[in-house]
Every structure is written in C-alpha cells, then in structure tokens.
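1. Have a look; sequence and predicted model below, questions after that.
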Amino acid sequence: MDVSIVIINYNTYELTCDCVCSVIEFTNSISYEIIVVDNASKEFNEADFRTRFPQVKLILSEQNLGFAGGNNLGNNYAIGKYILLLNSDTYLRENSVLSTFKYLEGRPQVGVVSARLIFPDGRHQSVAQRFPFPKYLLIELFRIQKLMSKKNAGKLLLGAFFNHLENAEADWVWGAYFMFRREILDSLPQKKLDDSYFMYFEDMQWCWDIKNLGYEIHFCAETEVVHIMGGSFGSKTKLMEQYEPVFLERNFTKTEIWLIQKLKKMLTS
C-alpha cells in the first residue's frame, strides 16, 4: 500500500462525504486506502456512509479525541508506506495524492510534505510557515524583508513575499494536508504523533518533533487542494489561546518566550 489517507469526521458529514468522493474521483496510478474516523459525532449516518463508501475503513470513536487523537486512532489502522492526514473540509481537484507521494519518494530527506492549499475563491493559504523564533518576528516587525533580495525574502514565508508557486522548505506546515512517512511513527515518543494538544498547535509540534529526528518539512507547490477552512471546526480562538503557551513552554526558554510574546504584541498593536 502506497498511501493511507486518514480523514477525521466531527459533525461534518456532508463535507466528509464530499472529501471522500473527491479522493476517489481524482486519485489513481497509486495504491491507497481511505480511513475515516468519526470522532463521536452527534450527527453521523453510519448505515448511509457504509452503503455509499463500502471501500472505506470506518472507525467509530466512542469519545471525541480531538484532531490529534483522532488522527492517531486512524494511524493505528494505516498500512501505507505514507500517511496523509486530510481535513474533512478539503476536496481534491486533481491527483494531489500521487503528486505528493512522488515528491516524498524522490526526496528521502523530507519527512513531511503539504500541498498548496487555496480557499474556494482561489486565494492562497499560508500553509507553510516558520516557527516563532524571535529573529523571524524581528524581521517581520521591522520589515527587513523589504531590504532583502526577492529570493531570500521568499524563504521567510512571510505573506506577500512568498508567492506559493515554488516548492519550499518550511519549519512547519498545516495539518489540513499532511503527508508523512509512516516509519517516522516508530521513532517518535510512544510511537505516535503528539496528541497532548486537543486541537491547534499539534501540527506545529509534530513538525518540531519530526525535524528533531533529522527530517525536513516541505511545501509542494506542484499540486493544489481546496481547503474551505473553518468547515471542520467552530471558533478556534479559545483553543489557540489555550495551547500556544503549551507549545512555547515545551520548546523555548523563558527568555525566548518573553521576547516572542513581546514581539507578537508589538506586531498586533
């Protein structure tokens, strides 16, 4: 099996069905399986889903495990060489799974790759980003990128200075389209992706951990996936406020955290 595609459903039945349909329609020339994890949804038509998609592995969780926990549950059933974590509010318009599979096959140093994500109206999403190191925040605060060459400014992955049309190495990529080598799980603590974050900042932590294993994180501009964004979950503000300090405290020194918070406040003031 080349790729196991894990999709988490939580009260997004129609979006999930649309996502699965798009995978089936556009994915070919590769062996793959689809694993849908229902995260204890209040609305999920199991009988209808099994009838519509008999080829899909359906895992019913008795409790809402969050995004990270739900994906780990799905990963337990994955048999592919690579695992693609795919948001239920995405849909394919081309053979993106094959494109990112080939991208990883040709680059053994890369542990994770994301596709180019766009809104339904075609606007690009900032899927590839840098960790919040003070140096990057200082560059953004003082707009130093304006003094840099176009090529070097693009490497910062900051807003309009990155055109999203070129492959790039990033510090982390969003979990909405997150293809990684299954073998990585065996080298991670507890042999799974970190699921101490219920939702938000888990993808940043995953990339931090995977980079620490010696792998690179890449953005693949060669294929495009539509991400409705916000269709999978409700308001994210409270959860982001809850888990950002957790991520910082786990990975940065107290001095770095103080500086990061100071610079972020200046950027938003």
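-> Nice, thanks for sending it over.

2. list the helices and strands the helix or strand encompassing residue 207 packs on?
-> Secondary structure from DSSP states H and E places residue 207 in helix 202-212. Here helix 202-212 touches strand 110-118, strand 172-173, strand 177-181, strand 216-227, helix 237-251, going by 3 or more C-beta pairs under 8 Å, 6 or more residues apart in numbering; DSSP states H and E. Bear in mind the C-beta positions are built from the backbone N, C-alpha and C, glycine included.

3. Please point out which parts of the last one sit buried.
-> This means helix 237-251. By 16 or more other C-beta atoms under 10 Å, the buried positions in helix 237-251 come out as 239, 243-244, 247-248, 251.

4. could I get the helices and strands packed on helix 202-212 as CSV with distance to residue 127 and mean pLDDT?
-> Output for the helices and strands packed on helix 202-212, formatted as CSV (distance: least, C-beta to C-beta, whole Å; pLDDT from 0 to 100):
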stretch, distance to residue 127, mean pLDDT
strand 110-118, 5, 98
strand 172-173, 5, 96
strand 177-181, 7, 98
strand 216-227, 7, 98
helix 237-251, 16, 88
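
5. Any chance of the ones you listed in CSV with distance to residue 138 as columns?
-> Below are the helices and strands packed on helix 202-212 laid out as CSV (distance: least, C-beta to C-beta, whole Å):
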stretch, distance to residue 138
strand 110-118, 26
strand 172-173, 19
strand 177-181, 29
strand 216-227, 22
helix 237-251, 17
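
6. Report pLDDT for residue 128.
-> Residue 128 is assigned 94 on the pLDDT scale.

7. Nearest approach to residue 75 belongs to which of the helices and strands packed on helix 202-212?
-> strand 177-181 (9.8 Å; C-beta to C-beta).

8. List the buried residues in that closest one.
-> Neighbour-count burial for strand 177-181 [16+ other C-beta under 10 Å]: 177-181.

9. Which strands and helices lie in contact with it?
-> Secondary-structure packing of strand 177-181 (3+ C-beta pairs under 8 Å, 6+ apart): strand 82-86, helix 96-105, strand 110-118, helix 202-212.

10. Most tightly packed of those?
-> Across the helices and strands packed on strand 177-181, averaging neighbours per residue (mean count of other C-beta atoms under 10 Å) puts strand 82-86 on top, at a mean of 26.

11. What is the following helix or strand past that one packed up against?
-> Next helix or strand after strand 82-86 toward the C-terminus (DSSP H and E): strand 90-92. Here strand 90-92 touches helix 13-26, strand 216-227, going by 3+ C-beta pairs under 8 Å, 6+ apart.

12. Include distance to residue 157 when you put those into TSV, please.
-> As requested, the helices and strands packed on strand 90-92 are exported to TSV (distance: least, C-beta to C-beta, whole Å):
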stretch	distance to residue 157
helix 13-26	26
strand 216-227	8
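
13. and the ones you listed as JSON lines, adding mean neighbour count?
-> Output for the helices and strands packed on strand 90-92, formatted as JSON lines (neighbours: other C-beta atoms under 10 Å):
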{"stretch": "helix 13-26", "mean neighbour count": "18"}
{"stretch": "strand 216-227", "mean neighbour count": "21"}
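
14. Name all residues that make contact with the residue nearest the centre of the chain.
-> The residue lying closest to the centre of the chain (C-alpha atoms, centre = their mean) is residue 175, at 1.4 Å. With contact taken as C-beta atoms under 8 Å, 6 or more residues apart in numbering, residue 175 is in contact with 67, 71, 85, 87, 202-203, 206.

15. Widest-spaced pair of these?
-> The most widely separated members of the contacts of residue 175, counting by C-beta to C-beta, are 87 and 206 (14.5 Å).

16. re the thing from before, give me the angle between the helix holding residue 207 and strand 110-118.
-> Relative orientation of helix 202-212 versus strand 110-118 (axes from the mean of the first three to the mean of the last three C-alpha atoms, to 10 degrees): 150 degrees.

17. Any idea how far helix 202-212 is from the middle of the chain?
-> Helix 202-212 sits 11 Å away from the centroid of its parent chain (C-alpha atoms, centre = their mean, to the nearest Å).
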